[in-house]
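Undergrad: I need the structure of the sequence given here:
(6 chains)
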Number of protein chains: 4
Amino acid sequence: MAPRAETRNRLLEAAIRTLAVEGYGGTTARSIARTGGFAPGVIYYHFEDLEALLVAALRHTSQARRAYYEEALGSCTDAAELISRLRDLYAEDMRDKGHIDAVQELVTASATSPRVRAELLAHIDSWSEFATDAVQRLVAGTTFEDMAPSRDIGMMAVAMFLGVQTLIHLDGDRSRIQSLFATVEPAAILWDTFAGNRTPTPDK
Amino acid sequence: MAPRAETRNRLLEAAIRTLAVEGYGGTTARSIARTGGFAPGVIYYHFEDLEALLVAALRHTSQARRAYYEEALGSCTDAAELISRLRDLYAEDMRDKGHIDAVQELVTASATSPRVRAELLAHIDSWSEFATDAVQRLVAGTTFEDMAPSRDIGMMAVAMFLGVQTLIHLDGDRSRIQSLFATVEPAAILWDTFAGNRTPTPDK
Amino acid sequence: MAPRAETRNRLLEAAIRTLAVEGYGGTTARSIARTGGFAPGVIYYHFEDLEALLVAALRHTSQARRAYYEEALGSCTDAAELISRLRDLYAEDMRDKGHIDAVQELVTASATSPRVRAELLAHIDSWSEFATDAVQRLVAGTTFEDMAPSRDIGMMAVAMFLGVQTLIHLDGDRSRIQSLFATVEPAAILWDTFAGNRTPTPDK
Amino acid sequence: MAPRAETRNRLLEAAIRTLAVEGYGGTTARSIARTGGFAPGVIYYHFEDLEALLVAALRHTSQARRAYYEEALGSCTDAAELISRLRDLYAEDMRDKGHIDAVQELVTASATSPRVRAELLAHIDSWSEFATDAVQRLVAGTTFEDMAPSRDIGMMAVAMFLGVQTLIHLDGDRSRIQSLFATVEPAAILWDTFAGNRTPTPDK
DNA sequence: CATGAATGAGGCTTCATTCAT
DNA sequence: AATGAATGAAGCCTCATTCAT
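TA: Residues are numbered from 1 along each chain as shown, chains lettered A, B, ... in the order given. Coordinates of the predicted model:
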């Protein structure tokens, strides 16, 4: 097929892989090329510069992951169910950490590169909106519907997610995170039990 | 003070300031020397290499800040009071962002430098322990005393803190954070009102 | 015209235009291709390498221009008339500076490329000969006929021309050049008046 | 002595030598370093960038040469004598062609570099003024004093000089230039003989 | 103890050139 | 004939680090 698009994809994936494996500091034109098995020059054939490749890679991987989460969560209104599904998604992310790690490295990169930072902000906004929606579905029809600041809670969820990523990034200890899910679960069940007296929505 | 230690301190502070102002990418031996008004060569007289200076600077600033927080929070057992004091500390941190920014940049640096990463972990552990203690004081004497996973909650607090820092780092929008405190406040009051029926502990 | 030759011509003209517009430093295989609206690869289909294209382009434009000058000057034997015609040709060259600029850029290129240098020498020799002929027509039949070193004077004319081009190249101030013609004019009239007592040759 | 200034001089001279020997195209940070026997990095320790080094080198060599010419020509008012001295200076320049060649290469460089071009213009202006002065001394006290456009003639002299340099640059044939002096000499003698009837000015 | 000039490895990027289509 | 994607050498420049003073 279009050889152009194919190589472009190879570049994007090589960039993600290199970020995940070598870290942002180790992500140079040469190292990306080595990872992908092509000449450093190609990068500049397809992208303005290295920054542009990283930005494109972020967008690429972020959009795919966002769509997947959206589908997996569906229009779930049950807190315990939501936590459970998130735990599964999280486990999945941990099995192939490429995406997560790459994003974390780009948070790093944003210190130096305004363009990466801008793209990252878009990424964050997108997830923030996603989380806000989930919270709203949770409180809809409960006594808290009108008093809960969904947007703030959504943002806290994103902050939590980023913070947890940073922790993982720092010590690579995943077990503690699984225990976080365990910690939250009882609270979710509590919520489902008492917040309730609403009309149950059929799950999609 | 020994002249040796004095210069060492100038180095540490110059490193922190440079990290905060120029970002990790702009923190070179030369830029640190420029900030501090000394020759690049001195760094190598006092430290093995640049990494060692950064690690030492992190430890230096982190310990000072940790001690200050410890004192400011005292042995506070009242949730609303705790949130209020944290809000003040946070506001203070925002007024002189040097420390916070420098640490955030070092999170960045940890991508490349194992030694910085190791030091950061120590830093995180220290804060994690600090948060765990605060949570334990909160639940002590309540019905939840035995069931609350204080350690996990402490870790979540740290994650939250890191995530919020990352968000600030990315878009510099601090106002949203103040609104987070506002969001949490009612929950704290709720807690203080109902978790109660415990023997009040004398404040230190 | 053979399609082969047609494309070749597009290459030559694209090369000249690119040299004139982008300068030698900006004349790359890609920029020439962009100017001419073809793929970089074609160049190598028609020419050994980039140098060969430049050499051919120089020859191409130089011969055309030389023929045009030859015709315009005819067999003029009147000094004032000669100066006047040269002034017109010069003005014409300035209106479409492509040729002049391209050659000037190739003088530049000769620093790096022996083949361009060789071709330029041929070009110079050709113009030198042209100038020598003009001088000889001027002195023919006068008392100076046998003593004037026409070849040296011709070479001085070429040097003058090159030097003036360099000046233009450097500061782009053309007005000064027009004033040079004005400076020379009286001398030409003087010559026509006193060198004379020869049999006038019919103009062509 | 001041190690700084000493190295700076080594850089300037290495730049001139490299320009003269390798041509502008061959004058890279690496080749200059090789010529001077130092590491490429030093260049950037002493100069903003390569362009800055070349500009400085041009100024350095140009000023020295200009001063030398000034002294050698003195306030000579005799045309034949002037030509003779110029011929000597020229021969001298040819014996150590470093300066001349370097300048010629920089004329070339001016195509690409605005800063080199600007410096070159200053250089040209300086020589133009120098030539204008010489012409004025020649016509002073003669019948032509008021009608001769010294400035234009000065500029023609500079153009002539540049053009001759270009010719040398292209074919390296110096002999022809020597014959140019021979060609001009009779004219100079003629001038001295007939332009005269002026009050002789004491030499200096 | 401190200085700051010098080193040289390595980063980003450009470009002539080749080659499969 | 022509295309245009890919190659890889080489250019400029920065920076951690060393070392003579």
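
Undergrad: Report how many residues lie close to the residue in chain A that chain C sits nearest to.
TA: In chain A, the residue that lies nearest chain C is A:Y45 (10.8 Å; C-beta to the nearest C-beta). (Each C-beta comes from the backbone N, C-alpha and C, glycine too.) A:Y45: 12 surrounding residues under other C-beta atoms under 10 Å in any protein chain shown.

Undergrad: tell me the mean pLDDT over stretch A:92-106?
TA: For stretch A:92-106, mean pLDDT rounds to 83.

Undergrad: Pull out the buried residues from that stretch.
TA: Neighbour-count burial for stretch A:92-106 flags A:93, A:99-106 (criterion: 16 or more other C-beta atoms under 10 Å in any protein chain shown).

Undergrad: filter those down to the ones near chain B?
TA: A:E105 (C-beta under 8 Å from any C-beta of the partner chain).

Undergrad: Let me know whether stretch A:23-32 sits next to DNA strand F.
TA: No - using C-beta under 7 Å from any atom of the strand, stretch A:23-32 never reaches DNA strand F; the gap is at least 8.4 Å.

Undergrad: Can you dump the C-alpha atoms of that stretch in CSV for me?
TA: C-alpha atoms of stretch A:23-32 as CSV (Å, rounded to 0.1, in the frame of the first residue of the first chain):
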residue,chain,number,x,y,z
GLY,A,23,13.4,6.9,28.3
TYR,A,24,13.2,10.4,27.0
GLY,A,25,16.8,11.1,27.6
GLY,A,26,17.7,8.1,25.5
THR,A,27,15.3,8.9,22.7
THR,A,28,17.5,10.4,20.0
ALA,A,29,17.1,10.4,16.3
ARG,A,30,19.7,7.7,16.1
SER,A,31,18.2,5.5,18.8
ILE,A,32,14.7,5.7,17.3
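
Undergrad: Please enumerate the helices of chain A.
TA: With DSSP state H, the ranges of helices along chain A come out as A:3-22, A:29-36, A:40-46, A:50-73, A:79-95, A:98-109, A:114-139, A:150-171, A:175-194.

Undergrad: Kindly compare burial across those and name the winner.
TA: Mean neighbours per residue, mean count of other C-beta atoms under 10 Å in any protein chain shown, is largest over those for helix A:98-109, with a mean of 23.

Undergrad: Near DNA strand E, which residues of chain A? Just list them.
TA: Neighbours of DNA strand E within chain A, by C-beta under 7 Å from any atom of the strand: A:27-31, A:40-41, A:43-45, A:49-51.

Undergrad: Mind putting the helices of chain A into TSV with distance to C:R176?
TA: TSV is the format used below for the helices of chain A (distance: least, C-beta to C-beta, whole Å):
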stretch	distance to C:R176
helix A:3-22	52
helix A:29-36	48
helix A:40-46	43
helix A:50-73	46
helix A:79-95	72
helix A:98-109	54
helix A:114-139	47
helix A:150-171	66
helix A:175-194	77
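
Undergrad: Those: which one's closest to D:L86?
TA: Nearest to D:L86, of all those, is helix A:40-46, at 52.0 Å by C-beta to C-beta.

Undergrad: returning to that earlier point: report pLDDT for the residue of chain A closest to chain C.
TA: Per the predicted model, pLDDT is 92 at A:Y45.

Undergrad: Over in chain A, which residue gets nearest DNA strand F? Let me know.
TA: Across chain A, the shortest distance to DNA strand F (C-beta to the nearest atom of the strand) belongs to A:G41, at 2.1 Å.

Undergrad: Would you enumerate the residues in contact with A:R95?
TA: For A:R95, the contact set (C-beta atoms under 8 Å, 6 or more residues apart in numbering or on different chains) is empty.

Undergrad: For A:L89, see how far away the nearest residue to A:C76 once chain neighbours are set aside is.
TA: Taking C-beta to C-beta, 6 or more residues apart in numbering or on different chains, and ignoring the residues beside it in sequence, A:C76 has A:L82 as its nearest neighbour in space, at 5.1 Å. Note on A:L82: its distance to A:L89, by C-beta to C-beta, to the nearest Å, is 11 Å.

Undergrad: Give me the common contacts of the two.
TA: Joint contacts of A:L82 and A:L89 (C-beta under 8 Å, 6+ apart) are A:L73.

Undergrad: Would you mark the buried spots in stretch A:141-151?
TA: For stretch A:141-151, a neighbour-count test (16+ other C-beta under 10 Å) marks A:141-142, A:148-151 as buried.

Undergrad: Please export the C-alpha coordinates of it as PDB.
TA: C-alpha atoms of stretch A:141-151 as PDB (Å, rounded to 0.1, in the frame of the first residue of the first chain):
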ATOM      1  CA  GLY A 141     -30.200  10.000  39.500                       C
ATOM      2  CA  THR A 142     -28.800  10.000  43.000                       C
ATOM      3  CA  THR A 143     -29.300  12.600  45.800                       C
ATOM      4  CA  PHE A 144     -25.800  13.900  44.900                       C
ATOM      5  CA  GLU A 145     -26.600  14.600  41.300                       C
ATOM      6  CA  ASP A 146     -26.800  18.300  41.800                       C
ATOM      7  CA  MET A 147     -24.200  18.900  44.500                       C
ATOM      8  CA  ALA A 148     -21.300  16.900  43.200                       C
ATOM      9  CA  PRO A 149     -18.600  18.900  41.400                       C
ATOM     10  CA  SER A 150     -18.100  16.400  38.700                       C
ATOM     11  CA  ARG A 151     -15.500  18.400  36.900                       C
END
